[in-house]
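Student: return a 3D structure for these sequence lines:
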Amino acid sequence: MKQIKILKSNNKILSERSNFLQIQDNNELIELRNYILEKTDLVKYKDPEIFFKTMEWVNSLWKHDGINNPGNATSLEILQRASRGENFRCVEYAKITRDILVSLGYIARSISIQSENADYGGIGQSHVVAEVWSSKKEKWVFLDPQMNCYAVKDNIPVSYYEIYKSFNEVKFIFSEDTYKNCNNPDYDYRKFIKNYMGYMVVDGVINENNVRLYLHLDGKRQLLAFQAGDLSNAIFTKNVDDIYFNPNATMAMLEYKEKVDFVKIIQENRLKDLKEMEENLDLFSVDPNFKVRFTTNAPNHQYYELKINDRPLIKLETDTYDLSLSEGLHDICVYSINKQGIKGSSTNMKIFYGEIENR
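Tutor: Numbering: from 1, shown residues only. This is a model prediction of the structure:
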């Protein structure tokens with residue numbers, strides 16, 4: 001009897017946190033993108049190199065000023081003010097890096113990393129960095145634009161949480177200019193960043209409410225103040241998956257076009273009991289003809305690209321595809337492409353159809 005079996009798959013339910021970051025293309029981002037396209041050649045780089053090149057460019061624009069708060073200025077306005085000699089905080093280094101990457105089609109966020117005593121430990125209890133989702137690496141990647149560095153473990157870029165969990169195993173990567181200004185940047189940076197392993201904080205939206213989502217690291221308490229000031233709408237979690245989810249995934253649902261009518265088959269073949277049904281199981285065997293439905297949590301989704309074995313790439317501007325499997329192995333790959341032409345995470349399935357034994 002021919003069988004249909006999934007031999008390997010990473011197809012799974014999309015994260016419920018997919019809308020948390022509220023990343024949507026808008027006029028502000030379009031204006032920023034046009035500015036970046038005019039002033040830089042960043043778009044010639046790909047994931048993940050473009051992340052590091054963007055960070056380096058932002059780092060070069062001004063000197064750190066821990067006091068100057070630009071208020072509600074947009075990223076483009078901050079860039080214009082920086083071009084006239086104004087300096088800004090770590091907050092703005094992260095914000096600009098995040099917004100540039102988002103404007104170019106990537107998924108990025110600012111991260112506030114805070115000490116265990118961020119409420120009443122004094123001033124300087126936090127540092128702001130960025131993280132960006134790498135569809136190529138299938139993970140979040142840490143960037144510190146103020147310090148112009150990122151981190152790797154086994155030559156793979158890591159997130160801030162991975163730095164926290166594997167502090168002694170990660171390697172920090174700095175620009176050449178950093179080495180010109182510091183004899184031992186790795187030692188100095190480790191000493192600096194170690195101060196901010198109490199909590200990591202991501203701003204987002206839950207049920208249409210703006211929240212500050214705190215992930216407990218070394219910090220065990222829930223806080224109601226930040227540096228003696230107000231701390232509103234803070235939600236605390238110990239669940240890493242609440243912060244670290246795939247925000248750029250595609251899910252595939254395979255629906256059979258033809259349903260097996262068990263009652264009709266039993267009646268037509270006069271099957272009397274379960275034993276006879278089992279002895280004639282091939283009568284109930286379904287053919288692998290599907291209507292495949294795709295859904296994605298990728299922001300600004302434009303279309304899907306579908307690859308089946310060695311066939312030409314299929315561009316899908318709808319969310320369905322008629323799939324019929326011949327005998328043999330079938331490698332199926334699908335992913336989202338957004339409005340900026342950036343590819344999302346790949347969903348891959350290996351399906352076998354045919355006569356098999358103990359496969």
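Student: now do the contacts for Leu37.
Tutor: Going by Cβ atoms under 8 Å, 6 or more residues apart in numbering, Leu37 touches Val43. The C-beta positions use only the backbone N, C-alpha and C, and glycine is treated the same way.
Student: per-residue confidence at it?
Tutor: As predicted, Leu37 sits at a pLDDT of 97.
Student: the one 5 residues further on too?
Tutor: We have a pLDDT of 98 for Leu42.
Student: poorly predicted segments of the stretch 251-359 of the chain, please.
Tutor: 358-359 (pLDDT under 70).
Student: quick one, strands of it?
Tutor: Per DSSP state E, counting those that start in this stretch, the stretch 251-359 of the chain has strands spanning 289-296, 301-308, 314-316, 320-324, 328-338, 347-355. These are given in chain order.
Student: just put those strands in a markdown table and tack on distance to Glu176 and mean neighbour count.
Tutor: As requested, the strands of the stretch 251-359 of the chain are arranged in a markdown table below (distance: least, Cβ to Cβ, whole Å; neighbours: other Cβ atoms under 10 Å):
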| stretch | distance to Glu176 | mean neighbour count |
| --- | --- | --- |
| strand 289-296 | 39 | 17 |
| strand 301-308 | 38 | 18 |
| strand 314-316 | 42 | 13 |
| strand 320-324 | 48 | 14 |
| strand 328-338 | 33 | 19 |
| strand 347-355 | 38 | 17 |
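Student: Val43: which of these is closest?
Tutor: Nearest to Val43, of all those, is strand 328-338, at 14.1 Å by Cβ to Cβ.
Student: let's see the closest one as PDB, backbone CA atoms only.
Tutor: What follows is strand 328-338, C-alpha atoms only, in PDB (Å, rounded to 0.1, in the frame of the first residue of the first chain):
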ATOM      1  CA  GLY A 328       8.900   9.500  -4.400                       C
ATOM      2  CA  LEU A 329      10.500  12.200  -2.200                       C
ATOM      3  CA  HIS A 330       9.400  15.800  -2.300                       C
ATOM      4  CA  ASP A 331      11.300  18.700  -0.800                       C
ATOM      5  CA  ILE A 332       9.000  21.700  -0.200                       C
ATOM      6  CA  CYS A 333      10.200  25.100   0.900                       C
ATOM      7  CA  VAL A 334       8.100  28.200   1.300                       C
ATOM      8  CA  TYR A 335       8.800  31.700   2.800                       C
ATOM      9  CA  SER A 336       7.400  35.200   2.800                       C
ATOM     10  CA  ILE A 337       8.800  38.100   0.800                       C
ATOM     11  CA  ASN A 338       8.000  41.600   2.200                       C
END
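Student: tell me what that strand is packed against?
Tutor: In this structure, strand 328-338 makes packing contacts with strand 250-256, strand 301-308, strand 347-355, judged by 3 or more Cβ pairs under 8 Å, 6 or more residues apart in numbering; DSSP states H and E.
Student: among the strands of the stretch 251-359 of the chain, which comes closest to Arg81?
Tutor: Between the strands of the stretch 251-359 of the chain, strand 328-338 lies closest to Arg81; by Cβ to Cβ that is 29.7 Å.
Student: now find how far off-centre that closest one is within its chain.
Tutor: Mean-position distance between strand 328-338 and its chain equals 19 Å (Cα atoms, centre = their mean, to the nearest Å).
Student: thinking again about what came up before, export the strands of the stretch 251-359 of the chain to TSV and append columns for distance to Lys272.
Tutor: Output for the strands of the stretch 251-359 of the chain, formatted as TSV (distance: least, Cβ to Cβ, whole Å):
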stretch	distance to Lys272
strand 289-296	30
strand 301-308	42
strand 314-316	47
strand 320-324	34
strand 328-338	36
strand 347-355	28
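Student: which one of these lies closest to Tyr187?
Tutor: strand 328-338 (40.4 Å).
Student: coming back round to it: out of the strands of the stretch 251-359 of the chain, flag the one nearest Leu29.
Tutor: Closest among the strands of the stretch 251-359 of the chain, using Cβ to Cβ: strand 328-338, at 12.3 Å.
Student: quick one: the helices in the stretch 51-200 of the chain, in order.
Tutor: Listed in chain order, the helices of the stretch 51-200 of the chain (DSSP state H, counting those that start in this stretch) span 75-83, 90-103, 160-165, 176-181, 185-193.
Student: quick one: Val30 is in a helix?
Tutor: You called it Val, but residue 30 is Ile. Yes. The assignment for Ile30 by DSSP: H, G, I helix; E, B strand; the rest coil puts it in a helix.
Student: hmm, it is touching Gly105, no?
Tutor: No. Using Cβ atoms under 8 Å, Ile30 is not in contact with Gly105; the gap is 11.9 Å.
Student: if you count surrounding residues, which of the two has more?
Tutor: Set side by side, Ile30 and Gly105 show more neighbours around Gly105, with 23 against 11, by other Cβ atoms under 10 Å.
Student: looking at it, Leu271 is touching Glu278, isn't it?
Tutor: No. Using Cβ under 8 Å as the test, Leu271 is too far from Glu278 to be in contact (9.7 Å).
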